[in-house]
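[1] for reference, the sequence and a predicted model appear below.
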Amino acid sequence: MIKGIYETHLFVENLERSVEFYAKVLKLKQAHYDEERRAAFFWAGKPKEAMLGLWEKPKSEIDKRHFAFRCDEDFILNQATEFLKSHGLNPYNFMNDGTDTPMVFAWMPAIAIYFSDPDGHYLEFIAILDGESRPELGVISFEEWTKRNSII
């Protein structure tokens, strides 16, 4: 029956600023812009497979949300942090320990790094890792994940 999540929507304070961020920084392809409704829609990944909608609202109506963009493992390990920094964004990990090193959620397993959009929504780049779920490990560094999986 359910095959995935097709779309998610965010309220933003300034639609033009958010359109620029999602189109120019995150390189999402704009699918539709509706000036009358003050909304913009982007394909997240391949067109027609997943969509992000942005709706302009007064600041008082904006509540911060979280969602993750699925990425390749190599991008997260070798490029994501520098990519985010080069666009003036502050990457941080799930532990929010003051570092910008991606962390592994061993229960999935997946590797992720976090950042925020101009409205403060909590965004994430995430990649599912090969290997079996190891929930007993919690959230660990990629190095620790690799070490622990070589023991199995």
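    Structure received.

[2] quick check: can you list the domain ranges of this structure?
    As assigned by automatic domain parsing, the chain contains the domains 1-62, 64-152.

[3] would a markdown table of those with mean pLDDT be doable?
    Conversion of the domains of the chain to a markdown table gives the following (pLDDT from 0 to 100):
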| stretch | mean pLDDT |
| --- | --- |
| domain 1-62 | 96 |
| domain 64-152 | 94 |
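
[4] dump those domains into a markdown table; add mean neighbour count as well.
    The way it works is simple: take the backbone N, C-alpha and C, and place the C-beta from them, glycine included. Formatted as a markdown table, the domains of the chain follow (neighbours: other C-beta atoms under 10 Å):
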| stretch | mean neighbour count |
| --- | --- |
| domain 1-62 | 14 |
| domain 64-152 | 16 |
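
[5] ends of stretch 43-58, how far apart?
    Stretch 43-58 has an end-to-end distance of 24 Å (C-alpha to C-alpha, to the nearest Å).

[6] ok, stretch 28-38 next?
    End residues of stretch 28-38 are separated by 18 Å (C-alpha to C-alpha).

[7] stretch 114-132 now?
    Start-to-end, stretch 114-132 (C-alpha to C-alpha) is 23 Å.

[8] what's the answer for stretch 60-70, then?
    So stretch 60-70: terminal residues 30 Å apart, C-alpha to C-alpha.
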